[in-house]
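>>> structure of the sequence below:
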Amino acid sequence: MKSKMLRLLPVLLFFVLMCVYERGGPNSNGERFREIEKLWATIPPYPGMVDADISSNSAGRKAHISKYYSLKAPYDEVKRFYIKRFTEEGWAFVKERHLSDWGRNLGGRELDFQKGEYELGVTYAGEKADKGWDYAIGIYWDGN
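All right, here's what the predicted structure looks like:
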């Protein structure tokens, strides 16, 4: 019994250290998350977007807000709208990429932007996707 406990001690110590590492950090006081909330307030909804879900997280070294929307609008129109709006707001367009869902092409795409140490993504689930949402917008900060 004692030898089993001794073998688990390094695992437990690693877990405790990782928890301390994640909780400490530049966002331990929530400052980066509050900045993301301010940035989020400047995001214009595409006409006709209907809220489907929201998620957020704030830890010492990571913070994000993501909202999910139902919207039956062509991807190319949404893409033009957000590239124009976000670049006017000072976001730099980084890239567009195709997404796959476990190796399946459902038509998903993502637009990536950056502003200082913050990243913004506009995700289209794809015309063949059935996720309960069509588009998602997220702002992220990663202090690692």
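>>> what's the end-to-end length of stretch 51-66?
For stretch 51-66, the first-to-last residue distance is 11 Å (C-alpha to C-alpha, to the nearest Å).
>>> now do stretch 126-133
Stretch 126-133 has an end-to-end distance of 10 Å (criterion: C-alpha to C-alpha).
>>> state the mean pLDDT of it.
Computed over stretch 126-133, the mean pLDDT rounds to 88.
>>> low pLDDT regions in the protein?
The model of the chain has pLDDT under 70 over residues 1-27.
>>> could I get the full set of helices for it?
With DSSP state H as the criterion, the chain has helices at 2-23, 31-40, 75-88.
>>> for the second one, packing partners?
Based on contacts counted as 3 or more C-beta pairs under 8 Å, 6 or more residues apart in numbering; DSSP states H and E, the elements that helix 31-40 packs against are strand 50-58, strand 62-70, strand 118-124, strand 135-142. No exception for glycine: its C-beta is placed from N, CA and C like everyone else's.
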